[in-house]
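S.K.: Quick one, what's the 3D model for this:
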Amino acid sequence: MTDPFSLYVHLPYCVRRCSYCDFNTYAAAHVPEERYAEALRRELTFAANRPEWQGRRISTVFFGGGTPSLFSPAVLGSLLETFDRLFGIEADAELTLEANPGSFEGSAAERLAGFRRAGFNRISLGAQSFNARHLATLDRIHSPHDTIAAVDAARAAGFDNLSCDLISAIPGQTLKEWCADLEHALALGPDHVSAYSLTYEEGTPMTGMVKAGLVQPADEDLELEMFRATRSRLSTAGFEHYEISNFARPGRASRHNLAYWTWRDYLALGAGAHGFAGVQSHEKAATTSWGRRYANQRLPETYMSAKPGAWHASEESLTREMAIAEYLMVGLRLLEGISRSRFVELFGVALAEAAPRASELRDAGLLIDDGDRIRLSERGLELCDAVIVRIAAG
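M.R.: All right, here's what the predicted structure looks like:
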């Protein structure tokens, strides 16, 4: 296979772990960046010799976390150089760095200029809210002013592709306050907005507070009003709603995340990272496997100490049924939906046969049939989780 692939790099360290976060992250007073970067290089060098990645170039890179901006521009730039040397990074590749607006040591302008010189051409800022009270509820370390200063510094550094993350349905947040957050974000002129509703994951402090009666989640009606307000306001501002929680100006959709949602291959490096190598045509599929997914060792110390080839904590080969279910679940998150012809190309079976409940959901007004494509209706978007689970269940 010679198709380009995406590369995800997980940097798990944070200044402080947020109360709602269930990602593989660890608060650290000191980040062992040189040692961790060397472990990433070892893992990537090993992957470069595996048949599923050989002879392929990199089309997108995404440094996520954790807080990748805690690492120095010099270290991250050297990693990009290693990626290019081992595989080759395409000339028009999207190279994204996640950043917490409160994580820059010294001058944000100097730090962001360093990241831009290192080769990153897209930055994703975790603003989450422009309300200090709600930032405190989320245990964020930054202030609204920090976000404004980070955006200004990123633009001055030459980042012309900037994404802003926002969280709605924060405990105590009103619809008016959420709409104010949208206005503050738009005033900064981002190219992309990710607007997520707060979720309560098992094992997080926030969920523990809910169970103890210390936190009252937003009710479903308010959450729905916020979703509708988001779609309306961002559409008016010229953003395309291209995925359930993501909005972009023309040409600025996240190419890296689109790789996930269109079932493309992505190599993942780092502690707790999850990677995937699928089958891009049913004619290439082995009789027993329709792709492979893996998860790395979660603890950074275990990951950094692993012997060559021992980074994976688990691996799994997909059956065709598993692959179809996953494809439906990620593909229907996109507003454009799923192509019937592409589905047949991948799985060698008609979409109607693999997903018989699609007609039932269409008749219920939750799916729209556009000839070659099926996609969520307006009402289907509002009930997306339930609809996607139902259709993927077969």
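S.K.: Surely P144 is in contact with A187?
M.R.: No - with contact defined as Cβ atoms under 8 Å, P144 does not count as touching A187 (11.5 Å). Yep, even glycine has a C-beta here, placed from its N, CA and C like the rest.
S.K.: show me the contacts for the residue nearest to F87 when sequence neighbours are not counted.
M.R.: Leaving out its chain neighbours, the residue that sits closest to F87 by Cβ to Cβ, 6 or more residues apart in numbering is I58, at 5.1 Å. Applying Cβ atoms under 8 Å, 6 or more residues apart in numbering, we find I58 in contact with P4, F5, S6, L7, F83, D84, F87, G88, I89, E90, A93.
S.K.: In which helix or strand does the fifth one reside?
M.R.: Going back to what we said before, that points to F83. Element membership for F83, per DSSP states H and E: helix 73-86.
S.K.: again with the last one
M.R.: With the criterion set as DSSP H and E, the secondary-structure element containing A93 is strand 89-99.
S.K.: Buried ones in the helix or strand following that strand, by neighbour count?
M.R.: Next along the chain after strand 89-99, taking DSSP H and E as the criterion, comes helix 108-118. Buried residues in helix 108-118, defined by neighbour count with 16 or more other Cβ atoms under 10 Å: A108, A109, R111, L112, A113, G114, F115, R116, A118.
S.K.: Lowest-confidence entry in those residues?
M.R.: Minimum pLDDT across those is recorded for A108, with 84.
S.K.: Any figure for the gap between that residue and S69?
M.R.: The gap separating A108 from S69 is 9 Å, by Cβ to Cβ, to the nearest Å.
S.K.: Same check on F5?
M.R.: In this structure, F5 and S69 are 25 Å apart, going by Cβ to Cβ.
S.K.: These two: which has the busier surroundings?
M.R.: S69 (28 against 21; other Cβ atoms under 10 Å).
S.K.: which one is that one nearest to, not counting chain neighbours?
M.R.: Leaving aside its sequence neighbours, S69 sits nearest to A99 (Cβ to Cβ, 6+ apart; 3.8 Å).
S.K.: ok, now Y303?
M.R.: For Y303, ignoring the flanking residues on the chain, the nearest one in space by Cβ to Cβ, 6+ apart is A271 at 4.0 Å.
S.K.: Reduced to three states, what does the one you found come out as?
M.R.: Following DSSP: H, G, I helix; E, B strand; the rest coil, A271 is assigned to coil.
S.K.: how many neighbours does it have?
M.R.: Using other Cβ under 10 Å, A271 is surrounded by 27 other residues.
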